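[1] This is the structure alone, sequence omitted:
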């Protein structure tokens with residue numbers, strides 16, 4: 001057992017999960033938004049919290065609106081149904097990579113290898129479904145994901161057990177896994193994917209009627225979970241928003257679902273009709289839901305935030321730092337593997353032209369732009385998806401305008417710089433408060 005895994009002595013503070021309900025109420029009483037009894041009180045408290053530096057996802061949502069207005073004014077095709085659906089498909093790898101990077105960022109660490117780890121996952125799946133190999137698609141995908149998870153465990157173990165900086169270890173991983181991918185593909189090599197199921201991930205759509213049914217089921221499940229959780233907390237005397245806020249959350253989810261399905265069900269084909277929600281959108285939602293539950297509703301998630309907020313305090317509270325950190329890097333690489341398979345599906349091949357360096361920069365940018373803090377301990381899974389949408393919108397909109405790749409990089413860099421500035425200013429505001 002390492003020193004970081006040593007349990008706390010009896011005189012140390014109780015573990016995070018051992019706090020009684022009364023202590024939770026006392027600890028959270030400083031935030032008036034969570035104890036408001038009416039919609040008006042909740043709104044006023046929320047505004048006060050925003051002024052204090054807790055802006056949440058508001059900046060990225062405002063940014064998405066401004067970007068949409070700007071590009072629509074420059075090109076009337078930007079907000080057409082066909083382009084919006086295309087934007088969602090193009091942005092799916094960015095969203096998934098940002099979801100994977102979020103695990104490292106919440107710890108106050110960084111994973112620079114995530115782009116080429118994604119490439120490893122896609123390459124393994126592509127190699128195994130070739131006719132000469134003959135693996136079924138599900139086994140090939142599973143093998144790619146397991147390999148990516150193993151990479152995360154290896155890098156996480158080196159970081160936690162040897163005490164090396166994550167920047168150095170994952171930078172070595174960026175170079176090393178790029179070399180491994182080149183060896184697997186051969187110099188200048190390209191491996192086409194002939195398996196229809198894998199190719200369908202990024203190109204197949206649900207039927208319009210099925211899209212409506214799936215959306216209503218998802219909203220019903222979300223609404224039921226939110227209602228039961230917040231009702232149970234109110235009944236137990238724990239902090240929870242007013243009933244009106246709970247209803248607004250469910251209504252907002254329904255409105256968002258209806259808008260997405262209406263857009264996706266619009267015929268966007270040219271020679272043949274193309275309608276329905278893309279499979280890849282459901283895949284991103286599934287990963288988002290799984291990681292949201294993991295981060296918000298499990299002991300692992302609470303420990304992850306605790307370590308990112310104050311690692312020493314978490315250790316004194318009995319958290320086994322090495323295990324949680326290693327698991328976080330494993331989950332990040334696993335999610336990168338999903339992104340790599342989605343990217344391979346969209347391109348219908350894997351090649352040595354994969355730019356893993358740019359992918360990791362986009363992943364970090366998407367997570368930070370979405371609202372995940374570079375300083376650790378603050379951020380949500382939904383932040384990564386919203387940030388990925390911003391990155392995809394910039395790339396798509398500038399592509400419609402015919403701008404060069406250099407211009408895209410410059411604009412993305414400026415947006416990232418603005419997001420980091422907001423994060424730093426917000427952090428100082430919270431400290432001052």
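    Yes, it's here. Because the structure is a prediction, the values reported are computed rather than measured. Numbering: from 1, shown residues only.
[2] What residues of whichever helix or strand residue 153 is part of count as buried?
    In the assignment (DSSP states H and E), residue 153 maps to helix 137-162. Residues of helix 137-162 classed as buried by neighbour count (16 or more other Cβ atoms under 10 Å): 137, 140-145, 147-149, 151-160. Every residue, glycine included, has its C-beta placed from N, CA and C.
[3] by contact count, what packs against that helix?
    Where contact means 3 or more Cβ pairs under 8 Å, 6 or more residues apart in numbering; DSSP states H and E, helix 137-162 is packed against helix 114-128, helix 166-185, helix 196-203, helix 321-347.
[4] okay, the angle between it and helix 196-203?
    On the basis of axes from the mean of the first three to the mean of the last three Cα atoms, to 10 degrees, helix 137-162 is oriented at 70 degrees to helix 196-203.
[5] chain center to helix 137-162: distance?
    Its chain's C-alpha centre and that of helix 137-162 lie 18 Å apart, by Cα atoms, centre = their mean, to the nearest Å.
[6] so residue 61 makes contact with residue 386?
    Yes: look at residue 61 against residue 386 with Cβ atoms under 8 Å: they come within range, at 6.9 Å.
[7] Please say which of the two ends up with more neighbours.
    Neighbours were counted for residue 61 and for residue 386 using other Cβ atoms under 10 Å; residue 386 has more, 22 against 15.
[8] Next, the buried residues of the helix or strand where that one lies.
    Using DSSP H and E, residue 386 sits in helix 381-400. Residues 381-398 are the ones in helix 381-400 that count as buried (16+ other Cβ under 10 Å).
[9] Wait, residue 389 touches residue 90, no?
    No: counting by Cβ under 8 Å, residue 389 does not reach residue 90; the two are 10.3 Å apart.
[10] For the helix holding residue 386, name the packing helices and strands.
    Secondary elements touching helix 381-400 (3+ Cβ pairs under 8 Å, 6+ apart): helix 58-74, helix 81-106, helix 279-297, helix 356-370, helix 405-432.
[11] Averaged pLDDT, the third one. What do you get?
    Same thing as helix 279-297. Confidence for helix 279-297, expressed as mean pLDDT, is 94.
[12] in it, what counts as buried?
    Those would be 279-285, 287-288, 291-292, 295, for helix 279-297 by 16+ other Cβ under 10 Å.
[13] Likewise for stretch 306-321?
    The neighbour-count criterion (16+ other Cβ under 10 Å) identifies 306-309, 311, 314-315, 317-321 as the buried residues of stretch 306-321.
[14] for the residues you listed, which one is nearest residue 354?
    Nearest to residue 354 out of the buried residues of stretch 306-321 is residue 308 (Cβ to Cβ; 30.1 Å).
[15] Now do the SS call for that closest one.
    Applying DSSP: H, G, I helix; E, B strand; the rest coil to residue 308 yields a three-state assignment of helix.
[16] Could you measure from it over to residue 236?
    In this view, residue 308 and residue 236 are 27 Å apart by Cβ to Cβ, to the nearest Å.
[17] who are the neighbours in contact with residue 264?
    For residue 264, the contact set (Cβ atoms under 8 Å, 6 or more residues apart in numbering) comprises 81, 85, 205, 211, 275-278, 281.
[18] which residue sits closest to the most centrally placed residue in the chain, ignoring its sequence neighbours?
    Most central in the chain under Cα atoms, centre = their mean is residue 99, positioned 2.3 Å from the mean C-alpha point. Counting by Cβ to Cβ, 6 or more residues apart in numbering, residue 99 lies nearest to residue 384, which is 4.5 Å off, once chain neighbours are set aside.
[19] where does the stretch 101-250 of the chain have low pLDDT?
    Within the stretch 101-250 of the chain, the segments meeting pLDDT under 70 span 187-188, 239.
[20] Can you tell me the SS state at residue 270?
    coil.
[21] which SS class is residue 275?
    Residue 275 ends up coil, using three-state DSSP.
[22] Need phi/psi at it.
    Backbone torsions for residue 275, taken as degrees, to the nearest 10, come to phi -140, psi 160.
[23] check contacts around it.
    Going by Cβ under 8 Å, 6+ apart, residue 275 touches 205, 207-208, 264-269.
[24] how about 10 Å then?
    Residues in contact with residue 275 (Cβ atoms under 10 Å, 6 or more residues apart in numbering) are 81, 85, 205-208, 211, 264-269.
[25] Between these, which sits nearest residue 411?
    After measuring these against residue 411 - Cβ to Cβ - the closest member comes out as residue 85, at 22.9 Å.
[26] quick one: what helix or strand has residue 108 in it?
    Using DSSP H and E, residue 108 falls outside every helix and strand.
[27] helix or strand for residue 350, which one?
    Judged by DSSP H and E, residue 350 forms part of strand 349-351.
[28] In terms of secondary structure, what does that strand contact?
    Helices and strands touching strand 349-351, by 3 or more Cβ pairs under 10 Å, 6 or more residues apart in numbering; DSSP states H and E, are helix 114-128, helix 166-185, strand 190-192, helix 321-347.
[29] and among the ones you listed, the most buried is which?
    Most buried of the helices and strands packed on strand 349-351, by mean neighbour count (mean count of other Cβ atoms under 10 Å): helix 114-128, with a mean of 29.
[30] Report the contact partners of the residue lying closest to residue 397 once chain neighbours are set aside.
    Nearest non-adjacent residue to residue 397, counting by Cβ to Cβ, 6+ apart: residue 71, 3.5 Å away. Residue 71 makes contact with 77-79, 83, 393-394, 396-398, 400-401, according to Cβ under 10 Å, 6+ apart.
[31] I'd like the residues you listed as CSV, with distance to residue 94 and pLDDT appended.
    Output for the contacts of residue 71, formatted as CSV (distance: Cβ to Cβ, whole Å; pLDDT from 0 to 100):
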residue, distance to residue 94, pLDDT
77, 21, 89
78, 18, 91
79, 20, 90
83, 16, 92
393, 10, 91
394, 10, 88
396, 11, 89
397, 14, 88
398, 15, 88
400, 17, 87
401, 19, 85
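[32] closest to residue 340 among these?
    Using Cβ to Cβ, the contacts of residue 71 come closest to residue 340 at residue 396, 20.8 Å.
[33] does the closest one really touch residue 91, like I thought?
    Yes: applying Cβ atoms under 10 Å, one finds residue 396 in contact with residue 91, separated by 7.9 Å.
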